[in-house]
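Novice: return a 3D structure for these sequence lines:
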Amino acid sequence: MKEISVGEQLDHYSVDALVATGSHTSIFRGVDLTNGTVVAIKVPRTELELDPLFYERFRREQEIGQKLNHPRVMKVLPSGHHSRDYIVMEWVNGSPLRDILAKQGKLPQDRATHIAIGICEAVTYIHSHGVVHRDLRPEHIMVDSNDHVKLINFGLASQVAANRITFTSLARELQTVSYASPEQIRGLRCDARSDVYSIGVILYEMLTGKLPFGNDKSLAHINARSAKEIPSPRKIEPSITPQMQEIVYRALEREPLRRYPSTRDFAYNLAHMQDVVVEDRNRSHDMNRKTGVWTKNILIYAVLAAIPILLFILMMLATQHR
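Specialist: Now for the predicted structure:
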């Protein structure tokens with residue numbers, strides 16, 4: 001089947017303009033000829049027609065999208081009979097957050113807070129419907145002239161009870177793993193706290209103009225992330241308040257149990273920043289490091305203490321067998 005071109009008609013939709021293209025799909029602006037509604041049409045690239053993994057993902061995106069109905073989530077529209085695979089979605093005015101960051105580098109804290117709260121609201125809604133996004137990043141967030149946001153991509157989204165995604169499939173699907181949670185990178189099952197981590201990375205980037213660990217997706221770099229501390233946002237951008245930095249740290253905890261348990265809690269702290277208690281992170285880090293040293297020393301002493309006991313038991317056994 002040939003690629004769709006601008007000016008063609010796809011069933012009862014006219015294809016008016018190419019909006020975006022990626023490694024898997026192209027998105028066109030079109031018009032529903034039955035009622036004149038402007039729509040977005042997502043069409044898979046023809047070379048992926050025989051890729052079962054991609055088509056499973058593509059159909060899952062359509063199924064999930066048709067269940068969701070929220071002002072901060074792009075609607076997937078019912079479109080009747082299809083002569084080929086494609087998804088019809090509402091047309092959203094605005095710019096991808098990626099384009100805004102590319103032009104401005106970083107955003108003032110108030111604006112970043114407003115956008116982050118909007119993202120949290122959208123993700124809270126999808127979580128309430130049993131869906132984990134798993135691929136939150138600036139490319140998948142549209143921002144209008146009033147800084148209202150919409151999630152526009154659910155290609156990696158899944159039901160909470162779905163099978164986990166392995167690192168191999170993750171690397172194949174994601175254009176970048178910079179926004180993926182540590183447990184997602186390790187191929188473990190993801191829940192709402194994985195999306196909390198991804199929003200934390202987006203917030204960090206909005207505030208500082210940088211990613212916490214860079215954009216290298218090599219396996220060596222990904223493994224190194226598990227041993228590195230997150231660079232202080234306030235050292236990069238001194239205008240960031242201590243309370244905001246604390247919020248970022250809580251969202252980016254390596255261990256899911258130490259993160260915000262939900263995007264609702266995340267959004268609440270962003271909206272009530274004055275109530276956030278700032279933790280002495282340096283002291284906590286030192287205590288954790290000392291605790292690790294103490295644990296190691298205790299194990300060493302226990303092994304040393306057990307050696308004479310083991311020798312004594314061996315001698316007694318040897319005596320009994322004479």
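Novice: export only the CA atoms of stretch 243-251, formatted as PDB.
Specialist: Only the C-alpha atoms of stretch 243-251 are listed here, as PDB (Å, rounded to 0.1, in the frame of the first residue of the first chain):
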ATOM      1  CA  GLN A 243      10.500  24.200  47.600                       C
ATOM      2  CA  MET A 244      10.400  23.600  43.800                       C
ATOM      3  CA  GLN A 245      13.800  21.800  43.900                       C
ATOM      4  CA  GLU A 246      12.400  19.500  46.700                       C
ATOM      5  CA  ILE A 247       9.400  18.700  44.500                       C
ATOM      6  CA  VAL A 248      11.600  17.800  41.600                       C
ATOM      7  CA  TYR A 249      13.800  15.600  43.900                       C
ATOM      8  CA  ARG A 250      10.700  13.800  45.200                       C
ATOM      9  CA  ALA A 251       9.400  13.100  41.700                       C
END
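Novice: and that stretch, how far from the chain's centre?
Specialist: Mean-position distance between stretch 243-251 and its chain equals 17 Å (C-alpha atoms, centre = their mean, to the nearest Å).
Novice: ok, and what's touching it?
Specialist: 109, 113, 196-197, 199-200, 203-204, 207, 230, 232-234, 258-260, 266, 269-270, 273-274, 276-279, 281 (C-beta atoms under 8 Å, 6 or more residues apart in numbering). Using the backbone N, CA and C atoms, a C-beta is placed for each residue, glycine as well.
Novice: so for it, what's the average pLDDT?
Specialist: Summarised as a single mean, pLDDT over stretch 243-251 is 98.
Novice: ok, back up a step: now which of the contacts of stretch 243-251 would you call buried?
Specialist: Buried members of the contacts of stretch 243-251, counted by 16 or more other C-beta atoms under 10 Å: 109, 113, 196-197, 199-200, 203-204, 207, 230, 233-234, 259-260, 266, 269-270, 276.
Novice: domain assignment for the chain?
Specialist: 9-90, 95-275 (automatic domain parsing).
Novice: let me know which of the ones you listed is the nearest to Lys2.
Specialist: domain 9-90 (6.6 Å; C-beta to C-beta).
Novice: mind saving the C-alpha coords of stretch 181-191 as PDB?
Specialist: C-alpha atoms of stretch 181-191 as PDB (Å, rounded to 0.1, in the frame of the first residue of the first chain):
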ATOM      1  CA  SER A 181      11.800   5.700  34.900                       C
ATOM      2  CA  PRO A 182      14.600   3.400  36.300                       C
ATOM      3  CA  GLU A 183      12.100   0.500  36.700                       C
ATOM      4  CA  GLN A 184      11.000   0.900  33.100                       C
ATOM      5  CA  ILE A 185      14.500   0.800  31.900                       C
ATOM      6  CA  ARG A 186      15.100  -2.400  33.900                       C
ATOM      7  CA  GLY A 187      12.100  -4.000  32.200                       C
ATOM      8  CA  LEU A 188      10.000  -4.100  35.400                       C
ATOM      9  CA  ARG A 189       6.200  -3.500  35.500                       C
ATOM     10  CA  CYS A 190       5.300   0.100  35.400                       C
ATOM     11  CA  ASP A 191       2.600   1.800  37.400                       C
END
